[in-house]
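**Q** After the sequence you'll find the predicted model.
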Amino acid sequence: MNYLISLAIGLGVGLLYGALDFRSPAPPAIALVGLLGMLAGEQLWPLGQQLVAGWLS
């Protein structure tokens, strides 16, 4: 379900950009690197929480 929601939001933003004749603010390669960073941060957050909890206990 999360994939469908993400796809729907992405399509909605893409349609909005197209309707306004607005180019994406970042070239595709830079946008993909940004997405990679978001994914890495999403995975590192729980790891960081575990490390801090280990240090505090």
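**A** That came through, no problem. What you see is a predicted model; the values in this text were computed from it and never measured.

**Q** low pLDDT regions in the chain?
**A** 26 (pLDDT under 70).

**Q** neighbours of Y17, just the number please.
**A** For Y17, the neighbour count with other CB atoms under 10 Å is 13. C-beta: built from backbone N, CA, C; applies to glycine.

**Q** Ramachandran coordinates for the residue nearest to it when sequence neighbours are not counted?
**A** Spatially, and ignoring its direct neighbours in sequence, Y17 is nearest to S24 (6.5 Å; CB to CB, 6 or more residues apart in numbering). Torsion angles at S24 (phi, psi; degrees, to the nearest 10) stand at phi -60, psi 140.

**Q** from memory S24 sits against I30, does it?
**A** No - under the criterion of CB atoms under 8 Å, S24 makes no contact with I30, lying 9.6 Å away.

**Q** other SSEs contacting whichever helix in the chain runs longest?
**A** What stands out as the longest helix in the chain, according to DSSP state H, is helix 28-56. For helix 28-56, there is no helix or strand it packs on, judged by 3 or more CB pairs under 8 Å, 6 or more residues apart in numbering; DSSP states H and E.

**Q** can I have whichever strand or helix holds L16 written out in PDB, keeping just the CAs?
**A** Taking DSSP states H and E as the criterion, the element that holds L16 is helix 2-19. The C-alpha trace of helix 2-19 is given here as PDB (Å, rounded to 0.1, in the frame of the first residue of the first chain):
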ATOM      1  CA  ASN A   2       2.900   2.400   0.800                       C
ATOM      2  CA  TYR A   3       4.200   1.900  -2.700                       C
ATOM      3  CA  LEU A   4       0.900   2.800  -4.300                       C
ATOM      4  CA  ILE A   5       0.600   6.000  -2.100                       C
ATOM      5  CA  SER A   6       4.200   7.000  -3.000                       C
ATOM      6  CA  LEU A   7       3.600   6.300  -6.700                       C
ATOM      7  CA  ALA A   8       0.300   8.300  -6.600                       C
ATOM      8  CA  ILE A   9       2.000  11.300  -4.900                       C
ATOM      9  CA  GLY A  10       4.900  11.200  -7.400                       C
ATOM     10  CA  LEU A  11       2.500  11.100 -10.300                       C
ATOM     11  CA  GLY A  12       0.500  13.900  -8.800                       C
ATOM     12  CA  VAL A  13       3.600  16.100  -8.500                       C
ATOM     13  CA  GLY A  14       4.700  15.200 -12.000                       C
ATOM     14  CA  LEU A  15       1.300  16.100 -13.400                       C
ATOM     15  CA  LEU A  16       1.400  19.400 -11.500                       C
ATOM     16  CA  TYR A  17       4.800  20.200 -12.900                       C
ATOM     17  CA  GLY A  18       3.600  19.300 -16.400                       C
ATOM     18  CA  ALA A  19       0.500  21.400 -16.100                       C
END
